[in-house]
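> Got a sequence here, can you model it:
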Amino acid sequence: MRDKPDSSDVPHNRVAIVTGAGSGIGRATACALLADGWRVALAGRHLETLEATIRDCDTFFSAHDIRTIAIPTDVTQPSSVDQLFASAQRTFGRLDMLFNNAGLGVAGKSVEELAYEHWKQMLDVNVTGTFLCTQAAFRQMSTQTPRGGRIINNGSLSAHVPRLQSADYTASKHAVSGLTKACALDGRKYDIAVCQVDFGNAATEMVSRMETGALQASREPIPEPTMDVVHAANAIVHMASLPLEANVQFMTVMATKMPFVGRG
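Numbers count the residues shown, from 1 in each chain. Here you go, the predicted model:
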């Protein structure tokens with residue numbers, strides 16, 4: 001964590017919503033944004049994990065200075081998403097950045113074994129959830145003063161190159177890439193910048209198995225390098241810090257030696 005700010009280190013107070021903020025990349029990003037001076041609304045399925053994120057984040061500010069709130073949210077439900085954005089607006093007054101991070105990971109089922117219910121759940125969370133939050137952000141960012149903001153979607157290297165037994169996850173992340181491109185065009189008239197970051201093997205609970213053996217295209221399980229999740233979080237802070245006249249449309253942040261370039 002950075003040193004405690006002095007009187008010259010005044011927070012800029014821009015406002016972000018982070019979905020999937022109860023663990024992994026979402027938790028690390030929330031902490032990094034708070035340390036960078038943002039006010040952050042944390043969204044996730046379970047209040048207790050969101051509160052754990054708040055405890056993990058040293059915000060350096062007094063208790064009366066509200067810098068973060070926890071809002072239990074199911075991103076697949078329009079009413080829950082509406083409540084998230086309304087609560088954040090009541091607390092902070094505006095929205096400068098949305099990080100669409102909520103998502104399900106690879107279940108490891110070959111396409112012929114993949115249950116319809118799991119396929120539907122994957123697309124409901126990874127695609128519909130991203131759409132609903134993006135739509136709510138558009139409605140707020142396009143009407144607030146000053147107008148505009150930034151939306152960052154959490155893609156995946158699987159949006160480019162799939163792994164074995166990942167038809168549902170790969171399809172969902174390709175859909176997120178398409179949504180990113182379409183919304184980037186729709187957002188221009190409202191000064192809304194929409195972009196995507198594709199992470200590879202950030203060291204979280206979701207990818208912990210990579211270190212012991214990840215199934216390769218050859219069907220051989222081989223350990224893969226990972227990277228500290230703080231690098232993923234710092235990438236989001238960098239993208240979010242740009243003026244709206246500039247946009248990192250797509251960024252890839254990955255463990256340098258993991259299989260991706262030349263994967264197969």
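
> What strand or helix carries G26?
helix 24-35 (DSSP states H and E).

> so where do the helices sit in this structure?
In the chain, the helices defined using DSSP state H lie at 24-35, 47-56, 78-92, 116-123, 129-141, 167-187, 229-241.

> Please identify the buried residues of the fifth one?
Within helix 129-141, the residues that qualify as buried are G129, T130, F131, L132, C133, T134, A136, A137, F138, Q140, M141, counting by 16 or more other CB atoms under 10 Å. C-beta: built from backbone N, CA, C; applies to glycine.

> Also the third one?
Residues S80, V81, Q83, L84, F85, S87, A88, Q89, F92 are the ones in helix 78-92 that count as buried (16+ other CB under 10 Å).

> Let me have the residues you listed in a markdown table, adding distance to A193 as columns.
Below are the buried residues of helix 78-92 laid out as a markdown table (distance: CB to CB, whole Å):
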| residue | distance to A193 |
| --- | --- |
| S80 | 26 |
| V81 | 21 |
| Q83 | 25 |
| L84 | 21 |
| F85 | 18 |
| S87 | 24 |
| A88 | 19 |
| Q89 | 20 |
| F92 | 20 |
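
> chain center to the longest strand along the chain: distance?
Secondary structure of the chain read by DSSP state E shows that its longest strand is strand 192-200. Relative to the mean C-alpha coordinate of its chain, strand 192-200 is positioned 9 Å out (CA atoms, centre = their mean, to the nearest Å).

> next one: stretch 50-57
For stretch 50-57 - counting by CA atoms, centre = their mean - the centre lies 17 Å from the chain centre.

> before we move on, what about stretch 179-192?
Centre-to-centre, stretch 179-192 and its host chain are 18 Å apart (CA atoms, centre = their mean).

> same question, stretch 238-253
Distance, centroid of stretch 238-253 to centroid of chain: 14 Å (CA atoms, centre = their mean).

> which residues are contacting that stretch?
For stretch 238-253, contacts defined as CB atoms under 8 Å, 6 or more residues apart in numbering pick out 14, 16, 33, 36, 38, 96-97, 99, 148-150, 152, 155, 157, 177, 180, 184, 191-200, 202, 227, 231-232, 235.

> Quick one: end-to-end length of it, please.
Terminal residues of stretch 238-253 are spaced 12 Å apart (CA to CA, to the nearest Å).

> on that earlier part again, which strands or helices does the helix holding G26 pack on?
strand 15-19, strand 39-44, helix 47-56, helix 229-241 (3 or more CB pairs under 8 Å, 6 or more residues apart in numbering; DSSP states H and E).

> Next, format these as CSV and append mean neighbour count and distance to L114.
Formatted as CSV, those follow (neighbours: other CB atoms under 10 Å; distance: least, CB to CB, whole Å):
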stretch, mean neighbour count, distance to L114
strand 15-19, 28, 25
strand 39-44, 28, 26
helix 47-56, 16, 27
helix 229-241, 20, 28
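
> Turn the ones you listed into TSV, columns for mean pLDDT and distance to E112.
Converted to TSV, the helices and strands packed on helix 24-35 look like this (pLDDT from 0 to 100; distance: least, CB to CB, whole Å):
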stretch	mean pLDDT	distance to E112
strand 15-19	98	32
strand 39-44	98	33
helix 47-56	95	34
helix 229-241	96	33
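
> I'd like to check which residues are in contact with N101.
Taking CB under 8 Å, 6+ apart, one finds V18, T19, G20, A21, I25, G26, T29, N154 in contact with N101.
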